[in-house]
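Trainee: Need coordinates for the following:
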Amino acid sequence: MRIELNPDAKVVETIKNGLEQKGGYCPCRLERTPDTKCMCKEFRDQIKDPDFEGFCHCMLYYKYK
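Mentor: The predicted structure follows:
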């Protein structure tokens, strides 16, 4: 398993700017809770799933099997 940033530099820049503006919380979510702090709980759970391969919700990270 490995996790990499999205290869699209524009997406990465946009999401990182959003993270900065929201204090590290997912720019795609309205609520600011420990579950939405980047890397969000949703993606941490997907990382634990050995069968999951794909992007996190906001498309910043990609998990390879």
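Trainee: For the rest of this, base every contact and every neighbour count on C-alpha atoms.
Mentor: Noted.
Trainee: For burial, what's the neighbour tally of residue 40?
Mentor: Close neighbours of residue 40, defined as other C-alpha atoms under 10 Å, add up to 19.
Trainee: what's near enough to touch it?
Mentor: Residue 40 makes contacts with 26, 34, as judged by C-alpha atoms under 8 Å, 6 or more residues apart in numbering.
Trainee: residue boundaries of the strands in this structure?
Mentor: Applying DSSP state E to the chain gives strands spanning 2-5, 54-55, 61-64.
Trainee: closest one to residue 33 among the ones you listed?
Mentor: strand 61-64 (19.6 Å; C-alpha to C-alpha).
Trainee: For the closest one, which helices and strands make contact with it?
Mentor: strand 2-5, strand 54-55 (3 or more C-alpha pairs under 8 Å, 6 or more residues apart in numbering; DSSP states H and E).
Trainee: how far out from the middle of the chain is it?
Mentor: Using C-alpha atoms, centre = their mean, to the nearest Å, the mean C-alpha position of strand 61-64 is found 9 Å from that of the whole chain.
Trainee: which of the helices and strands packed on strand 61-64 sits most buried?
Mentor: strand 54-55 (a mean of 16; mean count of other C-alpha atoms under 10 Å).
Trainee: Show me the contact partners of it.
Mentor: Against strand 54-55 from outside (C-alpha under 8 Å, 6+ apart): 6, 61-64.
Trainee: that older thread, now the strands of the chain as JSON lines including distance to residue 25 and mean pLDDT?
Mentor: JSON lines is the format used below for the strands of the chain (distance: least, C-alpha to C-alpha, whole Å; pLDDT from 0 to 100):
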{"stretch": "strand 2-5", "distance to residue 25": "17", "mean pLDDT": "98"}
{"stretch": "strand 54-55", "distance to residue 25": "17", "mean pLDDT": "98"}
{"stretch": "strand 61-64", "distance to residue 25": "14", "mean pLDDT": "98"}
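Trainee: Quick one: closest of those to residue 38.
Mentor: strand 61-64 (10.2 Å).
Trainee: hmm, back to that, can you lay out the helices and strands packed on strand 61-64 as a markdown table showing distance to residue 22?
Mentor: Listed next are the helices and strands packed on strand 61-64 as a markdown table, based on distance: least, C-alpha to C-alpha, whole Å:
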| stretch | distance to residue 22 |
| --- | --- |
| strand 2-5 | 19 |
| strand 54-55 | 21 |
